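Enquirer: how would this look folded up:
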Amino acid sequence: MTQTKPPILQVQALVRSFGGIVAVNRFSFDVYPGSIHGLIGPNGAGKTTTFNVISGFYAPSSGKVIYLGEDISGHETSALAEFGLIRTFQGTTLFHELSVLDNVRLGCHRSAKAGLLKRILGRDRTTEEAADCKATEILELFGLQDQAGELAANLPHGHQRALGMAVALAAGPKLMLLDEPFTGMNPEETKRMIELVKLVRDEHGVTIMLIEHDMKAVMGLCETITVMNFGTLLAEGTPAEVRINPAVIEAYLGSALDAA
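Expert: The predicted structure follows:
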């Protein structure tokens, strides 16, 4: 497919090493606005390290990360959130002792400039009312409105993962990085999460990039798939192209792809 818009994210000759171990080695790829883009590869391929560099947890050893045309290599995670680059994690990072609604309200304030404590204490009433309204709308989008008053800790696993994505959406992302969003889910939960990812892209215009081991979910959801192996680019293309690529089949020994 011919792209008419410049990439929202460009990873250029990225290298990240830890001592003498090179986890990512001159790895490059582009993510285009409005796409759902998968990053896959065998265990130890360098996927999580790549996500950690993109999202500001590690600085690159060399190479660049370009976001919205700006070099963000080594920027702090909080600064990237201000620019609309938001990441979720394989393990949910919710405030389990707070309600579902309060978790999403906090997401609304993640990139806010006014003091968070001031807002929580209700001293910025206009902004707080707007956050309440936004949080309620997001809970309705994710089908969590009936659990708004529940403690996040009391939600079943699939609902906690959905809440994590709701919190990320509340922060106003342009690009959302999803770290294994389907881990630990049963087939029904996976199906629902796939629908939610599409909804976030289609209804809110958020570009999605995800790491995932569930090949069936990846093949059914992503429009472009980038495949890593040993820290380098192995292949890239549509799901149909990736599925029949001999190098990808060899790297996966056919098993994960056969199940997709």
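Enquirer: From now on I want contacts and neighbour counts done on CA atoms only, so please keep to that.
Expert: Noted.
Enquirer: Compute the first-to-last residue distance for stretch 215-229.
Expert: End-to-end distance for stretch 215-229: 16 Å, by C-alpha to C-alpha, to the nearest Å.
Enquirer: Looking at stretch 94-103 now, give me its mean pLDDT.
Expert: The average pLDDT within stretch 94-103 is 90.
Enquirer: residues in contact with stretch 244-252?
Expert: Stretch 244-252 is contacted by residues 41-42, 227, 229, 234-235, 242-243, 257 when judged by C-alpha atoms under 8 Å, 6 or more residues apart in numbering.
Enquirer: for that stretch, which positions count as buried?
Expert: Applying a neighbour-count criterion of 16 or more other C-alpha atoms under 10 Å, one finds 248-249, 251-252 buried in stretch 244-252.
Enquirer: try stretch 218-231
Expert: For stretch 218-231, a neighbour-count test (16+ other C-alpha under 10 Å) marks 218-219, 221-222, 224-231 as buried.
Enquirer: Of the buried residues of stretch 244-252, which is the nearest to Thr207?
Expert: Among these, Val248 lies closest to Thr207 (C-alpha to C-alpha), at 25.0 Å.
Enquirer: Look up phi and psi at the closest one.
Expert: As for Val248, its main-chain torsions (degrees, to the nearest 10) stand at phi -70, psi -40.
Enquirer: Please apply the same query to Glu137.
Expert: Main-chain torsions, Glu137, degrees, to the nearest 10: phi -60, psi -40.
Enquirer: burial of it, as a residue count?
Expert: Residues lying near Glu137 (other C-alpha atoms under 10 Å) number 15.
Enquirer: Relative to Ile208, which of the buried residues of stretch 244-252 is nearest.
Expert: For the buried residues of stretch 244-252, the nearest to Ile208 is Val248 (22.4 Å; C-alpha to C-alpha).
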